[in-house]
Each structure stands twice: as structure tokens, then as C-alpha cells.
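Asks: A structural model of the following input is requested.
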Amino acid sequence: MTLEEKKAAARERARAAKTAREAGDAQIAVTDAAAAYIREAAVRQGKEAGVRLRILAGGCSGLEYNIDLIDPGEVAREGERDLSSNGIRLLVDLKSSIYVTGSSIDYTSTLLRRGFAIKNPNATSTCSCGDSFGV
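Replies: Numbers count the residues shown, from 1 in each chain. Next comes the predicted model:
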């Protein structure tokens, strides 16, 4: 992918995230399995059934997902969107929303791997473990 193509793709992601934000559309889906796991973990840890999703620099592919449970009554920080999907509250900062708009968050548990699996249509590359991605 050329530099110009990468720039064009970044502009398109930003436009899509802005359109979703203005429409009030979450554009991030939480599957039933992920919602059940988040609720279970929240009860165990005395947290709210919600997560803060951030995209950070790092990982094998350049960007990595960071998901943390939120405290009861926690409000969105400045520059964050307060979304909801499948009864789960999602706090996502505006910069991260550019990278995850249109994604779905699933939870899988197999013999080899247990954890969140994020299906991200914006990712142009991913590492083999699925914890990081590139655009």
C-alpha cells in the first residue's frame, strides 16, 4: 500500500468515525459471549458492566487494543464517547474510535486461547495472536 493510499484510508476512517459520532450510532458491536464475560468479570471485581476501549501504539503490528472494566458510576472523560451495545457500556476516546468504528468485540474460550477477539474492518494487518493490528 502506497503512502497516498494509506493517507486516503486514514481520511476515510476519520470520516466514518465522525459520521457515526454525529448519528449517535455506536458502530462497535459487543457479541452475546463478550457481553456475558464482561458482566461476569464486572460482578467478580465489583465494577460496572462496561469497558473502556483504547487503541495504543505497540504490539507486533503497530497498534494494540486495551480493554479495562470501568468503575461504578464512572463518567466519560473529556474527548470520550459513551456508547452502548448489547447492554454493555463502552467508553471510547475519539482518536481510538477512528480505528475501531465498525468493529465487533467477541469473547472466545478454547484450549489454546481465552480472551477477547476483535473483528476490525479497518485493520489492514494483524499479528497471529490478534492482540495488535496495523492500518
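Asks: what's in contact with the lengthiest strand in the chain?
Replies: Looking across the chain with DSSP state E, the single longest strand is strand 48-57. Contact partners of strand 48-57, identified using Cβ atoms under 8 Å, 6 or more residues apart in numbering, comprise 28, 35, 38-39, 42, 63-74, 80, 87-93, 95-96, 99-100, 105. From N, CA and C alone the C-beta is placed, and that goes for glycine too.
Asks: partner strands of the helix or strand following it, parallel or antiparallel?
Replies: Next helix or strand after strand 48-57 toward the C-terminus (DSSP states H and E): strand 63-70. Paired neighbours of strand 63-70 in the sheet (DSSP bridges): strand 48-57 (antiparallel), strand 132-134 (antiparallel).
Asks: of the contacts of strand 48-57, select the buried ones using a ChimeraX command.
Replies: Remark: buried members of the contacts of strand 48-57, expressed as a ChimeraX selection using 16 or more other Cβ atoms under 10 Å:
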select :28,35,38,39,42,63,64,65,69,70,80,88,89,90,91,92,93,96,99,100,105
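Asks: please flag which of the contacts of strand 48-57 sit within helices.
Replies: Taking DSSP state H as the definition of helices, those contribute 35, 38-39, 42, 95-96, 99-100.
Asks: tell me which two in these are the farthest apart.
Replies: Largest separation among these by Cβ to Cβ: R39 and K95, giving 27.5 Å.
Asks: and the longest strand of the chain, what's buried?
Replies: Buried, per 16+ other Cβ under 10 Å, within strand 48-57: 48-55.
Asks: same check, this time on stretch 98-110
Replies: Buried, per 16+ other Cβ under 10 Å, within stretch 98-110: 98-101, 103-107.
Asks: quick one: mean pLDDT over the longest strand of the chain.
Replies: Per-region confidence: strand 48-57 scores 91 on mean pLDDT.
Asks: give me the distance from that strand to the chain's centre.
Replies: Mean-position distance between strand 48-57 and its chain equals 7 Å (Cα atoms, centre = their mean, to the nearest Å).
Asks: identify the bridge partners of the closest residue to I38 other than its chain neighbours.
Replies: Excluding the flanking residues, the one nearest I38 by Cβ to Cβ, 6 or more residues apart in numbering is I88, at 5.4 Å. Per DSSP bridges, the residues bridged to I88 are S85.
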